[in-house]
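Asker: Take this sequence and fold it.
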Amino acid sequence: MKRLHSVLGLGAIAAVLLTPLILETPVMAQLQQAGQTVAQTLQRQPQMQLQLSAAKQVVTTDDQGQPLVNWENLNGQAVVHPGDVLRYSLSGQNTSDRAVRNLVVTQPITQQMKYVLGSAIWNQTTGAEITYSIDGGTTFVANPTIEVRLPDGRVETRPAPAEAYTHIRWDFGDAVSAGTVVSATYQAQVQ
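Answerer: Sure thing, here's the model as predicted:
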């Protein structure tokens, strides 16, 4: 059975958001256009409607000096700077009367971003599984590792650092039933 791979425009959005970051200039976050791109990508599977959004983390303090974390949706124009944390969210629903088979969503992490370890989540009621790539999307595993040469010459396997992550993949299982809602999010920090 063919697998349905929907490579969404999150990477494209990240590129649009981050290309001018070196200059720290305002950036156009064209999320409406990205949503149209997602819809065009999914024309092969019209019963699955997906929405894409991005938000910037804003940390303030309350009256007692405790940090408060809020998320500011990125609509229209948005300014992001190195060190800012962005949250990308994907949500969708099977609006048809039949199951969507083998829905897999793969999201590249641009070079200007660093994945925030442990931040990827998904709607677990759909039986989804999450895997990661550290080799440009060639292979995916649940817990990426790297080999590190120690000063004494031995080689040790260690968890991959956040900078090594190149892609995130959500596999929503064998079938997304009619009417089922799916969602996934992850965070990345601007470099």
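Asker: Is it correct that T157 falls within a strand?
Answerer: Yes: according to DSSP: H, G, I helix; E, B strand; the rest coil, T157 belongs to a strand.
Asker: Farthest out from the centre of the protein, which residue is that? Tell me.
Answerer: D152 (38.3 Å; Cα atoms, centre = their mean).
Asker: pLDDT weak spots in this structure?
Answerer: 1-46, 124-127 (pLDDT under 70).
Asker: what ranges do the helices span in it?
Answerer: For the chain, the helices defined by DSSP state H occupy 10-18, 31-41.
Asker: Apart from its neighbours in sequence, what residue is nearest S177?
Answerer: Distances taken as Cβ to Cβ, 6 or more residues apart in numbering place A99 nearest to S177, at 5.2 Å, with adjacent residues excluded. Every C-beta, even on glycine, is put in place using the N, C-alpha and C of the backbone.
Asker: give me every residue that touches the one you found.
Answerer: Applying Cβ atoms under 8 Å, 6 or more residues apart in numbering to A99 gives the contacts A175, V176, S177, A178.
Asker: out of these, which is most surrounded?
Answerer: V176 (25 neighbours; other Cβ atoms under 10 Å).
Asker: what's the burial count for the closest residue to it other than its chain neighbours?
Answerer: Of all residues not flanking V176 in the chain, V100 sits nearest, at 4.4 Å (Cβ to Cβ, 6+ apart). A count of nearby residues for V100, using other Cβ under 10 Å, gives 22.
Asker: mind checking how far V100 is from Q47?
Answerer: Separation of V100 from Q47 (Cβ to Cβ, to the nearest Å) stands at 6 Å.
Asker: Equivalent analysis for Q66, please.
Answerer: Distance from Q66 to Q47, counting by Cβ to Cβ: 45 Å.
Asker: Those two: which has the busier surroundings?
Answerer: Q47 (15 against 8).
Asker: Report the contact partners of the more buried one.
Answerer: Neighbour list for Q47: N94, T95, S96, R98, V100, A178 [criterion: Cβ under 8 Å, 6+ apart].
Asker: unless I'm mixing things up, the second one is touching Q49, no?
Answerer: Yep, that's T95 we're talking about. Yes: contact between T95 and Q49 holds when scored by Cβ atoms under 8 Å: they sit 5.4 Å apart.
Asker: Could you count how many residues lie near N94?
Answerer: 23.
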